[in-house]
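1. Got a sequence here, can you model it:
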Amino acid sequence: MYFRDVIGQEEVKAHLIRSAETSVIPHAQLFTESGGAGAFPLAMAYARYLNCHNRSATDACGQCPSCRKYDELVHPDLHFIFPMVASKEKKKEVCEDYLPKWREFLHGRPYFTIDQWLDEMEAGNSQALIYSKESDEIIRKLSLKIYEADYRVMLVWLPEKMHPVCANKLLKVIEEPPANTLILMVSESPDLVLGTILSRSQRIHVRPIQTEALTAALIDQYKIEPDNARYIARLSAGSYIRAADALSLSEENSFFLEQFKAMMRNSWARNVKGMKAMADALSAIGRERQKNFLAYCQHLIRENFICRFQSLELNYMNRDETSFATNFSPYVNERNVFDLMDELTKAELHISRNVSPKMVFFDLGLRITALIKK
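-> Okay, the predicted model is just below:
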């Protein structure tokens, strides 16, 4: 991944290049985003740029030995830490065990989600974590002698998923880093990262991609009409991943929308049997997808509330969502919108804490029943 592979984000690129040129390079940096804005490819491009032997004023050369090894993600001084699903049967207990699959997953994919990685791992209903056992691997890798790079890089994707033991070991490394070692972290939920890690890291916030830059990228990559590209870019709220999903008519989003419709209709009709059937269906999709569904529900509640004000520029729904909102939006109003959001947020929290999903979704349906007619 090069800086040229990152859509927009010119301000962040300029900051990172200036850091390299002036050799003012904090040893711990935290790239934060809301998802799909380009934090991970920026961190990768920065690591490559720092170790490039013939870098230009705008990007790495792509020809030197370091760049060629970065192309294949096999540089001996580049280490990855990422969420995974441990399996003693398959002898996969630390990130190193998944490294060949991780490299294969990353090739040609600068933008991706945790769900895509879970599918790659064939994780089923399991939640991906960075386990406590990884802490020993972190210490081992950073105790090794630097082979050939100017800077050894440890890239931690989603540190918010670290086991507390592992997070505390990482904190010790941040406090007393080995010479010429950089820890680059990429987070989508920085509020869940250990506070002492946050306080010792330089934070680089990656804003949503500007609509103009995202529109140009969609036209270039998908060869679609400019008007369609602008509509999708605006709809995606600065996320390349959401834009790509909209273009591919994502089955996931269609499934989530149908489940949202069923949830609201069951609650309106007080259809207890339907609520139970919906809870059974959602309990089978895995906890990460369950959390994503509840986040999607919160998004639609917000959009339906805004829809009532008939301000198109404030709404971010696709055509199918807008069609449903035409009849549904009057039922999301000042009397219940905050309570609806609270219930969905609580349900998401309970799912993340391993509460039975059947209980969570059935209870959620009952609670929405009491709110939807307010």
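2. CA only for contacts and neighbour counts going forward, please
-> Noted.
3. shaky segments in the stretch 101-250 of the chain?
-> 248-250 (pLDDT under 70).
4. Mind jotting down where the strands sit in it?
-> 152-157, 181-187, 202-205 (DSSP state E, counting those that start in this stretch).
5. Using CSV, lay out those together with distance to Glu137 and mean neighbour count.
-> Shown next, in CSV, are the strands of the stretch 101-250 of the chain (distance: least, Cα to Cα, whole Å; neighbours: other Cα atoms under 10 Å):
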stretch, distance to Glu137, mean neighbour count
strand 152-157, 11, 24
strand 181-187, 14, 23
strand 202-205, 24, 16
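6. Switch the ones you listed over to TSV; also include distance to Phe40.
-> Formatted as TSV, the strands of the stretch 101-250 of the chain follow (distance: least, Cα to Cα, whole Å):
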stretch	distance to Phe40
strand 152-157	8
strand 181-187	6
strand 202-205	12
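7. mind giving me the domain split of the protein?
-> 3-205, 209-248, 251-372 (automatic domain parsing).
8. count of neighbours near Gly38?
-> 29 (other Cα atoms under 10 Å).
9. Over to Lys90?
-> Count around Lys90 with other Cα under 10 Å applied: 8.
10. So for it, what's the pLDDT?
-> pLDDT, Lys90: 73.
11. Tell me how far Ala284 lies from Ala128.
-> 17 Å (Cα to Cα, to the nearest Å).
12. For those two, indicate the residue with more neighbours.
-> Neighbours were counted for Ala284 and for Ala128 using other Cα under 10 Å; Ala128 has more, 21 against 14.
13. quick one, phi psi at that one?
-> phi -80, psi 140 (degrees, to the nearest 10).
14. tell me the contacts of it?
-> Going by Cα atoms under 8 Å, 6 or more residues apart in numbering, Ala128 touches Pro83, Met84, Val85, Leu118, Lys161.
15. Pull out the buried residues from the residues you listed.
-> Pro83, Met84, Val85, Leu118, Lys161 (16 or more other Cα atoms under 10 Å).
16. And the nearest residue to the third one once chain neighbours are set aside, how close does it get to Glu288?
-> Counting by Cα to Cα, 6 or more residues apart in numbering, Ala128 is the residue found nearest to Val85 once chain neighbours are left out, at 5.0 Å. Taking Cα to Cα as the measure, Ala128 falls 8 Å from Glu288.
17. how close does the residue lying closest to Met84 once chain neighbours are set aside get to Arg55?
-> Spatial nearest neighbour of Met84, chain neighbours left out: Ala128 (4.6 Å); criterion: Cα to Cα, 6+ apart. Remark: distance between Ala128 and Arg55 (Cα to Cα) = 36 Å.
18. next one: Val337
-> 52 Å.
19. For my notes, confirm Ser54 occurs in a helix.
-> You called it Ser, but residue 54 is Asn. No: looking at Asn54 with DSSP: H, G, I helix; E, B strand; the rest coil, it is coil, so not inside a helix.
20. Hmm, it is touching Cys67, no?
-> No: the criterion here is Cα atoms under 8 Å, and Asn54 misses it with Cys67 at 9.4 Å.
21. which residues are common contacts for the two?
-> In contact with both Asn54 and Cys67: Ala60, Cys61, using Cα under 8 Å, 6+ apart.
22. more crowded one of these two?
-> More crowded of Asn54 and Cys67, by other Cα under 10 Å: Cys67, with 23 against 15.
23. any idea how far the more buried one lies from Arg367?
-> 55 Å.
24. likewise Ile232?
-> Distance, Ile232 to Arg367, using Cα to Cα: 34 Å.
25. who has more neighbours, these two?
-> Ile232 (26 against 16).
26. Okay, buried residues for stretch 14-27 please.
-> So for stretch 14-27, counting by 16+ other Cα under 10 Å, buried means Leu16, Ile17, Ala20, Ile25, His27.
27. Which two among those are spaced furthest apart?
-> Farthest pair in the buried residues of stretch 14-27 (Cα to Cα) is Ile17 and His27. Separation: 15.4 Å.
28. before we move on, back to that, from the buried ones among the contacts of Ala128, which is closest to Ala213?
-> Nearest to Ala213 among the buried ones among the contacts of Ala128, with distances taken as Cα to Cα, is Leu118, at 29.2 Å.
29. check contacts around that closest one.
-> Contacts of Leu118 (Cα under 8 Å, 6+ apart): Met84, Gly124, Ala128.
30. Check the contact between the second one and Arg287; I expect there is one.
-> What that stands for is Gly124. No: Gly124 is beyond contact range of Arg287, at 9.3 Å (criterion: Cα under 8 Å).
31. If you count surrounding residues, which of the two has more?
-> Arg287 (22 against 14).
32. where does the more buried one land on pLDDT?
-> 85.
33. for the one 3 residues further on, same thing?
-> You'll see Gln290 listed with a pLDDT of 92.
34. Now for it: which residues touch it?
-> Contacts of Gln290 (Cα under 8 Å, 6+ apart): Leu282, Ser283, Glu348, Ile351.
35. So which of those wins on neighbours?
-> Glu348 leads the contacts of Gln290 on contacts (other Cα under 10 Å) with 23 neighbours.
36. Can you name the next helix or strand after the helix or strand harbouring that residue?
-> Applying DSSP states H and E as the criterion places Glu348 in helix 337-352. Following helix 337-352 in sequence order, the next helix or strand is helix 357-372 (DSSP H and E).
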